[in-house]
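Student: The following comprises the amino acid sequence and a computationally predicted model.
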Amino acid sequence: MQVTLIELATSIALLSILALIAIKLKLIDKSGVISALLIGSLILFFGGWKWLLLMFSFLLVAGLATKYKYNLKFKLGVAESKGGVRAWKNVIGNGGVATIFAIAEGTLGGGSFFGGFL
């Protein structure tokens with residue numbers, strides 16, 4: 001499913017607003033935001049809104065799970081580094097393969113790549 005350039009521009013604006021909120025909540029740093037905007041745009045363009053919504057849901061749930069009882073996790077020595085703030089390596093590590101599957105779906109079609117995206 002491909003989107004129009006207007007939808008892509010709208011999504012980039014929406015992703016930018018969400019990125020600012022994520023920075024404010026200390027879920028992601030600036031390098032992570034740049035990577036997330038790139039990955040999010042590719043996923044939207046090649047996979048569509050459903051794929052982008054799933055990726056955003058993952059970011060939100062993972063970020064909130066990291067922050068949940070962070071001090072206890074820190075005391076136990078199992079907390080994420082940098083206070084749980086995601087950087088570009090986290091974004092690429094968690095979203096890179098999904099992006100490849102979205103691009104494959106957008107270019108080859110057939111609906112067979114969604115399972116790999118998940």
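Tutor: Perfect, thanks for sending it.

Student: any idea how far Phe113 is from Asn90?
Tutor: The gap separating Phe113 from Asn90 is 23 Å, by CB to CB, to the nearest Å. Heads up, the C-betas are built off the backbone N, CA and C, glycines and all.

Student: Show me what counts as buried in stretch 10-26.
Tutor: Residues of stretch 10-26 classed as buried by neighbour count (16 or more other CB atoms under 10 Å): Ser11, Leu15, Leu18, Ala19, Ala22.

Student: Can you name the element that comes right after the one helix or strand Gly32 maps to?
Tutor: Take DSSP states H and E as the rule and Gly32 turns out to sit in helix 30-47. Later in the chain than helix 30-47, the nearest helix or strand by DSSP H and E is helix 49-67.

Student: Can you mark which positions in that following helix are buried?
Tutor: Within helix 49-67, the residues scored as buried using 16+ other CB under 10 Å are Trp51, Leu52, Met55, Phe56, Leu59, Ala62, Gly63, Thr66, Lys67.

Student: pLDDT weak spots in the chain?
Tutor: Applying pLDDT under 70 to the chain flags the ranges 1-3, 118.

Student: if you set the cut-off to 90 instead, what comes out?
Tutor: Low-confidence segments of the chain, defined by pLDDT under 90: 1-28, 36-37, 40-41, 43-86, 94, 105-118.

Student: Just name whatever secondary elements the helix holding Gly32 is in contact with.
Tutor: Using 3 or more CB pairs under 8 Å, 6 or more residues apart in numbering; DSSP states H and E as the contact test, the elements touching helix 30-47 are helix 5-24, helix 49-67, helix 88-108.

Student: What separation do you get for the closest residue to Leu52 other than its chain neighbours and Asn71?
Tutor: Sequence neighbours aside, Leu44 is the residue nearest to Leu52 in space, at 4.4 Å (criterion: CB to CB, 6 or more residues apart in numbering). In this view, Leu44 and Asn71 are 36 Å apart by CB to CB.
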